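> Just the structure for this:
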Amino acid sequence: MTSTHRFGLRIYSCRIACLFWCWTPIAAYGAAEVDVVTKRPVIHGKQYAVSSMKPLASLVAERILHSGGNAFDAAVAGQAVLSLVDAGNNGIGSDAVLLVYDSRSRKVFSVNAEGTAPRLATIEWYQANQDGKLPNSEGLLSGTVPGVVDAWYILLDRWGKLSFGEVLAPAIGIAERGFPLGENLAKDISSSKKLRKYPSSAKVYFDQGDVKSGSIFKNPALAQTLRKLVDAESANANKGRHEALRAARDRFYKGDIAREMAQFSQENGGLFRYEDFAEYTAKVEMPVSINYRGYEVFKNPSATQGPTELFALNLLEGYDLRALGHNSAEFIHVCIEAVKLAFADREKYLGDMDFIKIPYEGLLSKDYARDRRKLIDPLKASLEFRPGTAEAYGSGGTSAPRKVDVNTTGNSDHEGDTSYIAVIDGDRNMISFTPSLHSGFGTGVVMGDLGFTLNCRGDYFSLKPAHANALVPGKRPRSTLQGTLVMKDKQPHMVLGSPGGDDQCLRTMQTFLNIVEFSMNVQQAIESPRWSTRSFPASQFPHTMYPGEISVEDRIPNSVQAALQKRKHKLKVVGGWSLGSNAAIVVDLKTGVLHAGADPRVEAYASAW
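Numbering: from 1, shown residues only. Next up is the predicted model:
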């Protein structure tokens, strides 16, 4: 049997397996053993595993692994395909955050591919030209420089094995030949007012006839853009792999692609100029982490909300969550109250570390968490916004006062449009990759004839100068993007992530706690009924906070809902499968077996071998 036939059988088996429900008993702490039915099985593998927001992206990443690539090659190939089949949520115009475990150095790294504001984007400009308001999720003025292509380059150059030509071949082929639209993407395209509004966008998305589920969609313009990267690589192959990869990257940021983006921006009222692209660089940084009951939990440190999950976990470590019971009123209450405190500190302290100092020594200290925990009333929901004084708990002492941007009026959306892919390979390299356009199709403006839109993350900035996330030219907005990487006993153990907006941290934290505190397998942890809250300032302008509001899926028992309302939570009950779009992979440290899970709430799928 050929390797191609073997590959086909593996995929067929995976797809068939996903049609069946499975059940696994969970020993609920303080309760009798119960049967928990999952819509999908855990996907097990010995060699490698992938989980992403779309089946085709997972299959392409798996194919790269099968052909000899590693986790980093597979992540690039998979995300390039996500740019097509999950085009409303991410693309090559995306920003991104990545967490990497490199098995050779046995170290965890953060890759910061958040976009930067144009040189011409200042608070003063928006006050003079936009009535002191940021555009909300549309138009070139809401964009930041895309970081995904530079993230591709970093992954391939520093940790990968394959070339741009090899990892981009599947995406180029799919863009040229087309693919059948899924129901969700077809709906997103056909209902998008943004895409119809701009001629360059309408040309890409509506000139092919009816947009409906099952119709073939092509993006030859994007295929041509990707081919330009491959052509630049090929033209410089004689200079060695590093220089060839660099040439591909530079064609996007310093070559004809950058010049076309800049010219299109200037001709269409945008603030981007050539220098904004030419001077951009994604960054490899050291992550921040805490130890939670023996698990080392890592997050990206800069221009992201990711560390907020660490703040909340530190607070929750002071409770016996197992004794409270999974998704009991007591459990959900303390989690929600911890999240409110953590997100208040997000608002006050987190931003781009190139422009501000973040007092992580205090924010991540157990002493700070102990004192903050005292603010949680076990019987009553807080309606207040209560940031702390973390700088007083570190060696740096006090710092300059920070302004906050809290608004209880307006209608800020706490949600967002993001994608995700996680990969672990045979050497146990791990990657968590969260790319995003922020809101459906980002700016909505296809850049000239290049076939892609930019992210619209610029509407996350604050226009208050002393705010941690204040708009400054060249600064990266504090985004909602985040993922989680977990080590246990110095061994690679988990990668987790979820699209969404401000609730991304809530989603990954619930998955993590379900595994660590309640002994769920990865699929049970993902599918478990969920809760959320908007009782903190939204990332998106005008940064609305909805004091006391929480949402629970209707699978949470009525008795729990009533007990939460008794604690004065402003309860909203939503559909039973509506609060999540999670993916995760767990390494069994005893057997080495990989366990991959994907969220049936969306079109996420896992594959393993």
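
> So which residue is dead centre in the protein?
Nearest to the mean C-alpha position of the chain, by C-alpha atoms, centre = their mean, lies Thr434 at 3.5 Å.

> Next secondary structure element downstream of the strand or helix carrying it?
In the assignment (DSSP states H and E), Thr434 maps to strand 430-438. Counting by DSSP H and E, the next helix or strand C-terminal to strand 430-438 is strand 484-488.

> Enumerate the positions of the helix or strand that that next one is followed by that are buried.
The helix or strand immediately downstream of strand 484-488 is strand 491-497, counting by DSSP H and E. Judged by neighbour count using 16 or more other C-beta atoms under 10 Å, the buried positions of strand 491-497 are 492-497. Using the backbone N, CA and C atoms, a C-beta is placed for each residue, glycine as well.

> Name the SS class of Val145, please.
Secondary structure assignment for Val145 (DSSP: H, G, I helix; E, B strand; the rest coil): coil.

> residues in contact with it?
Residues in contact with Val145 (C-beta atoms under 8 Å, 6 or more residues apart in numbering) are 115-116, 118, 272, 276-277, 280, 454.

> if I look at the closest residue to Glu317 other than its chain neighbours, how far off is Leu310?
In space, Glu317 comes closest to Tyr292 once its chain neighbours are excluded; the distance is 5.9 Å by C-beta to C-beta, 6 or more residues apart in numbering. Distance check for Tyr292 against Leu310: by C-beta to C-beta, to the nearest Å, it reads 8 Å.

> And the helices in the stretch 151-300 of the chain, which stretches?
Remark: helices assigned in the stretch 151-300 of the chain by DSSP state H, counting those that start in this stretch are 164-177, 183-190, 193-197, 199-206, 220-235, 241-253, 256-267, 274-278.

> actually the stretch 501-609 of the chain, sorry about that
Taking DSSP H, counting those that start in this stretch, the helices of the stretch 501-609 of the chain run over residues 504-516, 522-527, 558-566.

> Identify the residues contacting the last one?
Spelled out, that is helix 558-566. Contacts of helix 558-566 (C-beta under 8 Å, 6+ apart): 327-329, 332-333, 550, 552, 571, 573.

> out of the residues you listed, who's nearest Gly93?
Set against Gly93, the nearest of these by C-beta to C-beta is Ile550 (34.0 Å).

> That closest one - how many residues pack around it?
As a burial measure, Ile550 scores 25 neighbours (other C-beta atoms under 10 Å).

> tell me the contacts of it?
Ile550 sits next to 332, 336, 381, 531-533, 535, 564, 569-572 when contact means C-beta under 8 Å, 6+ apart.

> Let's see which of those end up in strands.
With strands defined by DSSP state E, the entries of the contacts of Ile550 inside them are 531-533, 570-572.

> quick check, nearest of those residues to Leu315?
Nearest to Leu315 among these is Thr533, at 14.3 Å by C-beta to C-beta.

> If we ignore the residues flanking it in sequence, what's nearest the closest one?
Excluding its sequence neighbours, the residue lying closest to Thr533 (C-beta to C-beta, 6+ apart) is Ile550, at 4.6 Å.

> beta partners of the one you found?
Thr533, Leu571 (DSSP bridges).

> Is Gln266 in contact with Glu275, as I believe?
No. Under the criterion of C-beta atoms under 8 Å, Gln266 is not in contact with Glu275, lying 11.9 Å apart.

> Distance check, Val560 against Ala329.
With C-beta to C-beta as the criterion, Val560 and Ala329 are 5 Å apart.

> can you check Met261 too?
51 Å.

> For those two, indicate the residue with more neighbours.
Shown here are Met261 and Ala329; by other C-beta under 10 Å, Met261 has more neighbours (27 against 21).

> would you list the buried residues of strand 491-497 in CSV and tack on distance to Val108 and pLDDT?
Listed next are the buried residues of strand 491-497 as CSV, based on distance: C-beta to C-beta, whole Å; pLDDT from 0 to 100:
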residue, distance to Val108, pLDDT
Pro492, 9, 98
His493, 11, 98
Met494, 12, 98
Val495, 11, 98
Leu496, 14, 98
Gly497, 15, 98
